[in-house]
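>>> would you be able to build a 3D model of this:
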Amino acid sequence: MIQSMTAFATAKGAIPGHSWTWELRGVNGKGLDLRLRVPDWIEGLEPALRARLGQGITRGNVSLTLRLTSDDASGQLAVNPDRLDDVLRAMALVEDRAMARGLSLAPATAADILSLRGVLEAGTSDTDTSALCAAILADFEPVLQDFLTMRVTEGATLAKVLHAQLDEIARLTQAAQDLLAQRSADIARNHQTALGRLRDTATDLDPARLSQELALLAVKLDVTEELDRLRAHVTATRALLEAGSPLGRKIDFLSQEFNREANTLCSKAQHAGLTEIGLSLKTVIDQMREQVQNVE
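Next up, the predicted model:
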């Protein structure tokens, strides 16, 4: 089974003194990019969440947000002095550099500084956050499972779409194969007409050289290899879909190969019917490539 990189999950949890809300989102990406916004005063929470996400997800841009609220006095807001010092030093450096270049910056207010991440935190009377961390991590498991289930569900829908598109590619490839005999007859007739015009206007035609040129032209217009490769790519893609995730990069590569063969087919067509089939192939392949971008 394949998985989609697009998914969403949200939930709420609580223990005496604290409540929280989870929001987990995923979209497509070239690699695995985990972005976490969680309270940094809970020791070990972020690395544990990051490790758990990495076990179940191999690809995609995933953002996790945990909004934590304290229900008692221990949850009163407090300034983190170390973080505040870091921010003030950075502000002084920026102002010095700006003045050296003749730039004037608007003064920052206390509200501006307090709004920066990590300066203002939820205070806690208990420096041991292990129990809170354990409760939050346990509550995260069903959220992650909901997220992974949605990825599988979306993946099943993607698989149906991709199989339908592969069916269409296979149908168009066979249609092109069936058209080759008629195309050969049409091209031969066009060549005979062209040769007739040449004989009427030229008196020094070399029959041997003419036969050689026609043979070379026939080789250049042969699309048998392109059709064979299209069928092979269909078979390979079906096998990947059956194998399951992660396979997005492999199918993306194959979709590029599909497009290459369709382009060559169009360039060699020299026949209205075959050109039409080639353009239809390109349309389906482009649609497939869009869907493949969401496959893990």
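
>>> show me the contacts for Leu34.
Taking C-beta atoms under 8 Å, 6 or more residues apart in numbering, we find Leu34 in contact with Arg50, Leu53, Gly54, Ile57, Val62, Leu64. Using the backbone N, CA and C atoms, a C-beta is placed for each residue, glycine as well.

>>> which other helices and strands contact the helix or strand harbouring Val234?
Val234 is part of helix 224-243, with elements assigned from DSSP states H and E. For helix 224-243, the packing partners by 3 or more C-beta pairs under 8 Å, 6 or more residues apart in numbering; DSSP states H and E come out as helix 130-201, helix 248-268.

>>> thinking again about what came up before, so which of the contacts of Leu34 wins on neighbours?
Highest neighbour count within the contacts of Leu34: Leu64, with 24 neighbours (other C-beta atoms under 10 Å).

>>> and that one, helix, strand or coil?
Under DSSP: H, G, I helix; E, B strand; the rest coil, Leu64 falls in the strand class.

>>> care to break the protein down by domain?
Split into domains by automatic domain parsing, the chain comes to 7-154, 155-292.

>>> quick one: mean pLDDT over the first one.
What that stands for is domain 7-154. For domain 7-154, mean pLDDT rounds to 88.

>>> measure that domain end to end?
Using C-alpha to C-alpha, to the nearest Å, the end-to-end distance of domain 7-154 comes to 8 Å.

>>> same check, this time on the last one
Domain 155-292 has an end-to-end distance of 10 Å (criterion: C-alpha to C-alpha).

>>> and it, how far out from the chain middle?
Distance of domain 155-292 from its chain centroid, counting by C-alpha atoms, centre = their mean, to the nearest Å, is 27 Å.

>>> same check on the longest one?
For domain 7-154, the gap between its own C-alpha mean and the chain's C-alpha mean amounts to 25 Å (C-alpha atoms, centre = their mean).

>>> if we ignore the residues flanking it in sequence, what's nearest Leu241?
Of all residues not flanking Leu241 in the chain, Ala159 sits nearest, at 5.7 Å (C-beta to C-beta, 6 or more residues apart in numbering).
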